[in-house]
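S.K.: Quick check, what structure comes out for this input:
(2 chains)
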Amino acid sequence: MSFLSPSHGQSRPVVVHLIDDTTAGGVMRVLDFLTQDPVLGAHARHVLRLCPRGALGNDRIRADVIVSHLAINWRALPGLIGLRARHAACPVIHVEHSYTEAFAALNVPHKRRFHTLLRTAYALFDRVVAVSAAQGAWLSGRNLVAAERLRVIRSCVDLGEFTEVPAPARPRRVIGAIGRLSPQKGFDRLIEAFRKLPDNDVELHVHGEGSERAALEALAEGDPRVRFMGFAGDLAAVYASVDAVAMPSRWEAYGLVALEARAAGRPVLVADVDGLRDHRGAGVLLPGQGGRADLTEGLRDLLAMPDTAAEGRASAARAMADFRTGWAALLSEVCAAPAASVAAA
Amino acid sequence: MHTAPTPAATIVVPAFNVAATLAETVNSLRGQSWRDFEIVIVDDGSTDDTAALAEALRAADPRIRLIRQPNRGLAGARNTGIAAARGRHVGFCDSDDLWAPGKLAAHMAHLDENPMVGLSYSGSAMIDSVSRTMRAAQKPRLNGIDAAHVFRRNPVGNGSAAVIRRAALDAIAWRPAHETERDWVFDETFRQSEDIECWLRLALTTDWDLAGVPGLLTCYRIARGGLSAATDRQFEAWERMVAKLTPLAPDFFARHAPAARAYQLRYLARRAISDADGPRARRLLRAMRHASMRPYYEEPLKSCVTHVAAHIIDRPAGRALRAIARV
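M.R.: Prediction:
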């Protein structure tokens, strides 16, 4: 069977995607796209299967390919070994949505033990998918995954609605910070850097909720230009309401917000870290690793950047095509289908 | 003229007005038991005889390359050397320090056999202005180094102790907006604490290991006099480093900065003591106790010796002890 030829009708292979945490917004949205995209669906039937924390169960999953989007930790390891053992003949792929070099640097006290965990877990899979080239370079550079089993497929969501958002106004006035309010996202340093901008007519809109809200509000205290907009329900409307996007994350496997911002024709500032480096290109600004001063300078540059909405949108369209091609090629490869020319959508 | 083959290692020697010591430094590098390396001397706008001396050294050994630039400071000279370096590992030797003959070989083996290690360092012996070995030495912990240990104890110790894997240098390089020539690895806005800023940034933003090899393989020169006067500026630079890196990991700095500050102040107090500057040493120790008492119960012996020394160094007992120590 080939995943690259047109529809198989009932003969389409079944790809079961396992997920244990539905609260991680980004991962869920990637899975929505994987399972609902008609182009991907023409080649394979993508099914989502929830297995709440550790509960992989003992039954055999009826699938032609199993794809794990599960969190990897020591507690999950026995379950993963069981999964592998019960499906010895079925290709099992893992997509690494979480771990990155900067994550390890900032959060892992015992790196050797952590690397051992990852090496052990990844060895169970036929393929491991990195969600950015930068993450892939880390996984192979630290010998966590053998090169022949590693593939890079940058994460993607359905960008259609974002490409229809009207181009941002000039001069740019509103910077958007979009994401969970957690230390990972670095909105604390964004607020501090933003407060150093002297301009009275610029605003920083923080879209999202999370554990850090009170701390961030305290940082913004006394500066009415910083506004907390709450949970970002209608994302297209959020992008329409901002003129530029800032994403100074401390670690990030890929960074969907940067991709969506590009699709919406918004210039975006990203931290020079992990998968955010994959967004390098027109309309994307990567200030140096310096301190607060660099970020303030970066925000000033972001507001003054030339208009690159068209290039940004084009690069986002390519990202969608690459995602579909990447998954089709991977599935076809693990099922040992004869190579065929890739019909990118 | 044939093109030299790519060397396995590069040793970067930043040189600013060091005519008195450059030849001794470079000779200690030429005498390394590991033979496959190049030396990149970066003449950082010297105004003494350094330029002529460096040229003579270059003419005498094809492994030496010489780059001249208008003065950019130590960090700027090192960055230029890194940009020119061709080795898979890059070492640094400031132009008044010396390397023991087996140093490069030890670090090359360490880095080549341990693919997770990004920065390899060794302990250092201290030498005085005429290259006599002093009693004091830097004997850091060699393994199990995390970012907190780098911050608190700086096991790398000085700017001539580290040999760094090219990939680790690339991981922390960046290009400031106003920079047109080459990337920065060391932050050129720092005139002091540029070393620890770089090591700590490596520990906080990458997962390369920092690890040491046994032995005192670097001779780190302590110039007597005038040193303790610089402690205030040195502490200012250290605090600036903390302010710069805090946004990377606020929780980390909230937890570790007090103890790290105390250790930094104790280190500066010891510098003041070796300069016989009692009042300054006592002031630094008071500031240390104000920051954190941790050095007293984590390293009681060294802290108490420092405490006593600071109180007697400019009194008769201290002067007598110094006279004995000099013999």
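S.K.: quick one: average confidence on stretch A:125-138?
M.R.: Stretch A:125-138 carries an average pLDDT of 96.
S.K.: and the end-to-end length of that stretch?
M.R.: Terminal residues of stretch A:125-138 lie 18 Å apart, using CA to CA, to the nearest Å.
S.K.: need the helices for the stretch 101-250 of chain A, in chain order.
M.R.: In the stretch 101-250 of chain A, helices defined by DSSP state H, counting those that start in this stretch lie at A:101-107, A:111-122, A:133-141, A:160-163, A:187-195, A:213-220, A:235-240, listed in chain order.
S.K.: Can I get these in TSV including mean neighbour count and distance to chain B?
M.R.: (C-beta placed from N, C-alpha, C; glycine too.) What follows is the helices of the stretch 101-250 of chain A, written out as TSV (neighbours: other CB atoms under 10 Å in any protein chain shown; distance: least, CB to the nearest CB, whole Å):
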stretch	mean neighbour count	distance to chain B
helix A:101-107	21	4
helix A:111-122	17	6
helix A:133-141	21	7
helix A:160-163	17	29
helix A:187-195	23	4
helix A:213-220	16	9
helix A:235-240	18	25
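S.K.: Averaging pLDDT per element, find the lowest-scoring helix or strand in chain B.
M.R.: Using mean pLDDT, DSSP states H and E, helix B:316-326 stands out as the lowest-scoring helix or strand of chain B, at a mean of 69.
S.K.: interface residues of chain A facing chain B?
M.R.: A:101-102, A:104-106, A:108-109, A:111-112, A:115, A:138, A:141-143, A:183, A:186, A:188-189, A:192, A:250, A:272-273, A:287-292, A:294-295, A:297, A:301 (CB under 8 Å from any CB of the partner chain).
S.K.: In contact with residue 217, which residues?
M.R.: Assuming you mean chain A. Taking CB atoms under 8 Å, 6 or more residues apart in numbering or on different chains, we find A:E217 in contact with A:F228.
S.K.: meant chain B, my bad for not saying
M.R.: B:99-100, B:102-103, B:106, B:122-124, B:161.
S.K.: ChimeraX command to pick out the buried ones of the residues you listed?
M.R.: To isolate the buried ones among the contacts of B:L217 in ChimeraX, judged by 16 or more other CB atoms under 10 Å in any protein chain shown, type:
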select /B:99,100,102,103,106,122,123,124,161
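S.K.: Among the contacts of B:L217, which ones are in helices?
M.R.: B:103, B:106 (DSSP state H).
S.K.: can you list contacts of stretch B:101-115?
M.R.: Residues contacting stretch B:101-115 (CB under 8 Å, 6+ apart): A:142-143, B:8-9, B:11, B:28-29, B:31-34, B:37, B:89, B:91, B:117, B:120, B:122, B:163, B:165, B:209, B:211, B:213, B:215, B:217-218.
S.K.: and the helices of the stretch 101-250 of chain A as TSV, adding distance to A:L50?
M.R.: Output for those, formatted as TSV (distance: least, CB to CB, whole Å):
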stretch	distance to A:L50
helix A:101-107	24
helix A:111-122	20
helix A:133-141	25
helix A:160-163	26
helix A:187-195	30
helix A:213-220	28
helix A:235-240	23
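S.K.: Identify whichever of those helices lies nearest to B:R152.
M.R.: Nearest to B:R152 among the helices of the stretch 101-250 of chain A is helix A:101-107 (17.1 Å), distances taken as CB to CB.
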